[in-house]
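**Student:** all I have is the shape, not the residue letters:
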């Protein structure tokens, strides 16, 4: 299928993505737009792989320009009002795409930092859980060595409340043996 073909169902008010681009949602918006443009065989107008032919090639240039304008219109319909005013007068879908990428695909160091804190806390919580389990198991007397061994062989290791429950279940029969 030619990238210049325009299906009769493409209308001027067509919205390609469900969520318009805002300053907060560039990565998912970009992914959605690229998928939608790819399905319509128009992604080449934003990725630079289909540059404008020379104006002297009137028919090719006219077809390219019509498709380029269609993609620009789709982009304008898929961004917030504030963003659309800043790209309205750009004549190339590729330049618009590049400008949006430069503006909104920045690494948000605050979010990245917060994610790292959460990962460290998650790891620390796991380590604390393992330490609690190990301390509990080391505190058991030798009567529970079989139970201790079985618990240590479990993968993944059980939560501390489950470990205590298993040991408690074993404790009742062993207490009867000790009493007799």
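**Tutor:** Looks like it arrived, so ask away. What you see is a predicted model, and the numbers here were worked out from it, not measured in a lab.
**Student:** between the two ends of stretch 137-148, how far is it?
**Tutor:** End-to-end distance for stretch 137-148: 6 Å, by CA to CA, to the nearest Å.
**Student:** ignore the last one, stretch 42-55
**Tutor:** Stretch 42-55 has an end-to-end distance of 20 Å (criterion: CA to CA).
**Student:** flag every buried residue along that stretch.
**Tutor:** 42-46, 50 (16 or more other CB atoms under 10 Å). Any C-beta I mention is one placed from the backbone N, CA and C, and that applies to glycine too.
**Student:** now, those residues that are in helices?
**Tutor:** 44-46 (DSSP state H).
**Student:** from the buried residues of stretch 42-55, pick the one nearest residue 151.
**Tutor:** Distance ranking of those against residue 151, using CB to CB, places residue 43 first at 54.8 Å.
**Student:** any idea how far that closest one lies from residue 141?
**Tutor:** 69 Å (CB to CB, to the nearest Å).
**Student:** which element, helix or strand, includes residue 121?
**Tutor:** Element membership of residue 121, judged by DSSP states H and E, is helix 109-138.
**Student:** any idea of the mean pLDDT for that helix?
**Tutor:** Averaging pLDDT along helix 109-138 gives 81.
**Student:** quick check, central residue of the chain?
**Tutor:** The chain has residue 28 as the residue nearest its centroid, 7.4 Å off, counting by CA atoms, centre = their mean.
**Student:** how close does that residue sit to residue 88?
**Tutor:** Per CB to CB, residue 28 is found 23 Å from residue 88.
**Student:** next one: residue 8
**Tutor:** Counting by CB to CB, the gap from residue 8 to residue 88 is 27 Å.
**Student:** which one of those two has more residues nearby?
**Tutor:** Between residue 8 and residue 88, counted using other CB atoms under 10 Å, residue 88 has the larger neighbour count: 10 against 5.
**Student:** contact partners for the more buried one?
**Tutor:** Contacts for residue 88 (CB atoms under 8 Å, 6 or more residues apart in numbering) come out as residue 76.
**Student:** how confident was the prediction at it?
**Tutor:** Reported pLDDT for residue 88: 93.
**Student:** now stretch 76-85: mean pLDDT?
**Tutor:** On average, stretch 76-85 scores 94.
**Student:** and that stretch, what's buried?
**Tutor:** 76, 78-79, 83.
**Student:** which residues are contacting it?
**Tutor:** Applying CB under 8 Å, 6+ apart, the set of residues contacting stretch 76-85 from outside is 13-17, 20-23, 29, 33, 87-88, 100.
**Student:** which ChimeraX command selects the buried ones in the residues you listed?
**Tutor:** Buried members of these, defined by 16+ other CB under 10 Å, are picked up in ChimeraX with:
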select :16,17,21,29,33,87,100
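**Student:** which ones among the contacts of stretch 76-85 are found in helices?
**Tutor:** Reading helices off those with DSSP H, I get 29, 33, 87, 100.
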